Each structure stands twice: as structure tokens, then as C-alpha cells.
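Participant: need the 3D shape of this:
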Amino acid sequence: MKACAVSILVAVVILSLFAATVAAEERIVVGRISRLELATRTFSVTDGMGTGWNFKVDEGSGIELSTLEVGDRVEVRIARATPLNMISAADVLRKGDSVTLSGGY
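Facilitator: Purely as a prediction, here's the structure:
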């Protein structure tokens, strides 16, 4: 019985360490801009798998959308952890996040 309890405790500790590591990572989305609305500071990126990602750029982020165009290949880097179950319909890009032109496909 003690061995079973110890095994369960070890498993819980390992899983919690793994979950903390996953949640602490930044997120990077690479794809093409499929929609760009300068007035609302929003844009969408379609990645190589065909998944659409929506973003809203915060006023104080330092990200300049006017240099981008629909069809540009970009890398969107969200510097803070965002657990996958907390991703909203439009992730807000803040200071420390970035949108950069990227080469390739």
C-alpha cells in the first residue's frame, strides 16, 4: 500500500513539474496574414497547417501594423505564457510581444 501511495505521489510531482514547464513557455505562430484591420488594430494569421489565429494589438505594445500587408509571412511571438485553455478568440499583443516579417513558404 505504501509503495502505491509513493508511486502516485511521484507521478503527481512529475506531472506538476511538466505542466509548469509547458505553461511557462512563450508561444510563436508563423504564417501568412490573412486579414488586417488597421482601424481596430486586429489581424489574423493562417499558419502552415491552415489554422487561423486572431490577434488584437494593444496601443502600448510598440507593434506597428501599418508596415504589414495581407499576404506577408510573419512570426508572431507572445512573450508571456498563455495556457492553451486560456487562449481567447483574439489574443492581445502587449509590450514585449512582437510581429516580424519572416521568409519562407
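
Participant: quick one: the helices in the protein?
Facilitator: For the chain, helices defined by DSSP state H occupy the ranges 2-23.

Participant: what about it, any weak spots by pLDDT?
Facilitator: Where the chain drops to pLDDT under 70, the residues are 1-24, 82-89, 104-105.

Participant: test my guess that residue 57 contacts residue 65.
Facilitator: Yes. With contact defined as CB atoms under 8 Å, residue 57 counts as touching residue 65 (6.0 Å). (Each C-beta comes from the backbone N, C-alpha and C, glycine too.)

Participant: who's more crowded, the two?
Facilitator: Ranked by neighbour count (other CB atoms under 10 Å), residue 57 and residue 65 place residue 57 first, with 21 against 18.

Participant: show me the contacts for the more buried one.
Facilitator: By CB atoms under 8 Å, 6 or more residues apart in numbering, the contact set of residue 57 is 41-43, 63, 65, 92-93, 99.

Participant: please apply the same query to residue 72.
Facilitator: 32-33, 101.
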